[in-house]
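In: Okay, sequence plus prediction incoming.
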Amino acid sequence: MSQELLHIRNDGTGRPLVLVHGWSCPGNFFQAQIDGLKGHARCIVPDLPGHGATADRLPLTIEAAADALQAALVKRDLTDIILCGWSMGSLVSYAMIERHGAERISRFVSVDMSPRVLNGLDWQNGTLNGLTAELNQHFLDALVADWPKLPARIARRLFAAGEETAPDLRDFARKEIAACNPLLLRQMWASLTAQDFRELLKAFPVPFHLAAGLKSQLYGQGVHRWHRENVPDFHFHGFEASGHTPHLEEPEAFNALLLKLLHS
């Protein structure tokens with residue numbers, strides 16, 4: 001049998017819980033969920049293309065990540081899955097469902113994410129900093145050259161606005177992001193910012209749970225409102241002390257949400 005190119009961490013026993021990470025933040029950003037839930041769930045945590053142990057073993061696109069994740073679920077014959085996508089991981093999950101269906105998925109949790117990252121004339125619910133296609137191209141052009149100073153900036157934006165982040169958490173995020181290869185991240189960023197899953201979400205095939213940090217520096221109330229107005233079988237979970245990473249900032253409350261879904 002050929003080696004699986006998508007690196008997968010497989011820990012625990014029970015109902016499958018698939019945790020799909022965000023851009024520049026590999027699967028170990030879900031360590032608190034693995035530690036807290038592996039006695040209740042089989043935690044399946046990939047490193048997506050361009051990240052962690054997967055690195056450049058797969059094409060650096062959202063679509064390739066989605067296909068590889070689907071293949072991993074099929075290989076393990078996983079069904080009745082609680083699928084949780086954080087940030088870019090939501091887009092990979094959407095692409096997987098769009099390309100392969102949702103027969104293996106029972107419920108989906110999106111962590112602080114919009115169906116489209118870029119803002120434009122017809123869409124103002126992308127990133128709160130007003131990222132447009134033109135500004136994004138400037139970011140892509142400068143990403144590799146500017147990389148030495150970017151991990152600290154990216155890490156700061158992960159956490160709650162106006163709150164003092166625990167130094168160990170902030171340092172963990174900065175070091176893990178700094179360990180990534182910007183040449184690989186650039187291609188994944190180009191792919192993720194090209195995505196638009198608004199139409200998919202309007203006919204989403206399984207119950208949809210949005211877990212959002214209410215002090216997020218990336219996405220705001222407009223994103224929450226759009227989901228309420230457009231996504232069928234929608235459920236909102238706000239985390240008052242969190243930014244873009246409620247699974248890191250409020251791990252006990254976040255794990256309690258996942259545990260409730262695992263037992264539902």
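Out: In hand now; what should we look at?

In: how far does stretch 162-181 stretch from start to finish?
Out: Stretch 162-181 has an end-to-end distance of 30 Å (CA to CA, to the nearest Å).

In: ok, residues contacting it?
Out: For stretch 162-181, contacts defined as CB atoms under 8 Å, 6 or more residues apart in numbering pick out 24-26, 28-29, 50-51, 55-56, 150-152, 154-156, 158-159, 215, 241, 243, 245, 248-249. (Glycine included, C-beta is placed from N, CA and C.)

In: buried subset of those residues?
Out: Among the contacts of stretch 162-181, those classed as buried by 16 or more other CB atoms under 10 Å are 24-26, 29, 50-51, 55, 150-151, 154-155, 158-159, 215, 243, 245, 248-249.

In: Could you list which of these belong to helices?
Out: Residues of the buried ones among the contacts of stretch 162-181 located in helices (DSSP state H): L150, P151, I154, A155, L158, L248, E249.

In: With distance to S90 added, can I get those residues in JSON lines?
Out: JSON lines is the format used below for those (distance: CB to CB, whole Å):
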{"residue": "L150", "distance to S90": "22"}
{"residue": "P151", "distance to S90": "22"}
{"residue": "I154", "distance to S90": "18"}
{"residue": "A155", "distance to S90": "20"}
{"residue": "L158", "distance to S90": "15"}
{"residue": "L248", "distance to S90": "16"}
{"residue": "E249", "distance to S90": "18"}
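
In: Looking at those residues, which is nearest I105?
Out: L248 (24.1 Å; CB to CB).

In: Quick check, pLDDT for the closest one.
Out: On the pLDDT scale, L248 is placed at 97.

In: ok, it touching N28?
Out: No. When contacts are counted by CB atoms under 8 Å, L248 is not listed as touching N28 (11.1 Å).

In: Show me the helices in the stretch 101-250 of the chain, by range?
Out: Along the stretch 101-250 of the chain, counting by DSSP state H, counting those that start in this stretch, helices occupy 133-146, 150-158, 167-178, 182-192, 198-202, 221-230, 246-249.

In: What are the buried residues along whatever helix or strand M96 lives in?
Out: Under the criterion of DSSP states H and E, M96 resides in helix 88-100. The neighbour-count check on helix 88-100 (16+ other CB under 10 Å) flags M88, G89, S90, L91, V92, S93, Y94, A95, M96, I97, H100 as buried.

In: quick one: contacts for A152?
Out: R174.

In: Same check on G130?
Out: G130 neighbours (CB under 8 Å, 6+ apart): N119.

In: No further questions, thank you.
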